[in-house]
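Asker: coordinates for the following, if possible.
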Amino acid sequence: MPLFTREHQIDMLLVYGEVRKNRREAKAFYGQRYPDRAQPHDKYFPWLERHLKTERIEEEPNEFIVSEEEINTLACIEVDPTTSVRQIAANIGIGRESVRNILKKHKFKPFKYQVHHHLYEADHQRRLEFCNWFMVQQRPNLSRFILFSDESRFTKLGMFNKNNSRYWARENPHLFRQGAFQERFGVNVWMGLKHEKVEVMIAT
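Answerer: So this is what the prediction gives:
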C-alpha cells in the first residue's frame, strides 16, 4: 500500500497551490491542516506536481492527469468554495468551459443554498406540538380549514438570491442560510393559503 493515498495527494496539491508553490510553506501548512497523516518531505510537493502531469493514476488511467490549470482551479475552490466559474476563469486565465470540465473531472458539483427563516428557541416546540396535534385529528379534509401563511421583509439592503449562489463540493453539504428579515427596516409581504385560495397583504 502506498504511503500517500490519492486523496492525500490531491490535498497536497491543493495546499501547494494555496501557498503559491512554496514547498517549505506547503509542508508546514499541510502538517497544520492534517496533523494525523503521514507527512511528506518538502521536495515531495514539486515532485508530485511533475509526476501527476505525466503519469497516469492506475485507478483512473484515462482521466487523472493533473495539469497546472487543474491545480490552480482546485486551489481556488479550496480557498473559497462559493466562488463562481467566471471568477476562477478570470483569476487563472483560462476559459469558463475549461473550468467546468476540470471541476466535473474531479467530481465537484455546484450545490444550492436552502433558505429558511431564522427560528427562535421556542419555535421548534410549537411546531412539534402542532404536528402531533394534526396527526391525531379524526376530521376528514382538515387541511382545507387550516390557513398556511408565510411572510418576508424586503429591505433596502437587498435579498439573498440562492439561484445566483453555489457551493462547490464533491458531496452535498446541505447548506442553509438563515434570514432574520423581520428585524430590518423595509416592507412586509404576507401570504396565506387556505385550500385553493391565496391571499396577499403588503404592509410597511
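Asker: avg pLDDT for stretch 83-100?
Answerer: Stretch 83-100 shows a mean pLDDT of 89 in the predicted model.
Asker: quick one: contacts for the residue nearest the centre of the chain?
Answerer: Closest to where the C-alpha atoms of the chain average out (C-alpha atoms, centre = their mean) is residue 167, at 2.7 Å. Neighbour list for residue 167: 81, 82, 110, 111, 112, 113, 173, 175 [criterion: C-beta atoms under 8 Å, 6 or more residues apart in numbering]. Using the backbone N, CA and C atoms, a C-beta is placed for each residue, glycine as well.
Asker: report the two of the residues you listed separated the most.
Answerer: 81 and 112 (12.9 Å; C-beta to C-beta).
Asker: which one's more surrounded, these two?
Answerer: Higher neighbour count among residue 81 and residue 112: residue 81, with 16 against 13, using other C-beta atoms under 10 Å.
Asker: that one - that's part of a strand, no?
Answerer: No: going by DSSP: H, G, I helix; E, B strand; the rest coil, the assignment for residue 81 is coil, not a strand.
Asker: any idea how far residue 23 is from residue 79?
Answerer: Per C-beta to C-beta, to the nearest Å, residue 23 is found 19 Å from residue 79.
Asker: repeat that for residue 87.
Answerer: Residue 87 is 11 Å from residue 79, by C-beta to C-beta.
Asker: quick revisit: what does the model give the residue nearest to the centre of the chain for pLDDT?
Answerer: For residue 167, the model assigns a pLDDT of 72.
Asker: over to residue 107?
Answerer: Reported pLDDT for residue 107: 86.
Asker: for it, helix, strand, or coil?
Answerer: On the basis of three-state DSSP, residue 107 is classed as coil.
Asker: list the contacts of it.
Answerer: Residue 107 neighbours (C-beta under 8 Å, 6+ apart): residue 170.
Asker: before we move on, the earlier item: out of the contacts of residue 167, who's nearest residue 30?
Answerer: residue 81 (19.1 Å).
Asker: related to what we said a few turns ago, residue 23 and residue 79: which is more packed in?
Answerer: More neighbours surround residue 23 than the other of residue 23 and residue 79, with 18 against 11 (other C-beta under 10 Å).
Asker: how near is that one to residue 189?
Answerer: For residue 23, the distance to residue 189 - C-beta to C-beta - is 56 Å.
Asker: before we move on, what about residue 84?
Answerer: For residue 84 relative to residue 189 (C-beta to C-beta), the value is 29 Å.
Asker: and residue 139, what element?
Answerer: For residue 139, there is no enclosing helix or strand under DSSP states H and E.
Asker: for residue 195, see how far away it is.
Answerer: 14 Å.
Asker: okay, these two: which has more neighbours?
Answerer: More crowded of residue 139 and residue 195, by other C-beta under 10 Å: residue 195, with 12 against 8.
Asker: quick check, pLDDT for the nearest residue to the more buried one once chain neighbours are set aside.
Answerer: The shortest distance from residue 195 to any non-neighbouring residue, by C-beta to C-beta, 6 or more residues apart in numbering, is to residue 144 (4.4 Å). Looking at residue 144, its pLDDT stands at 78.
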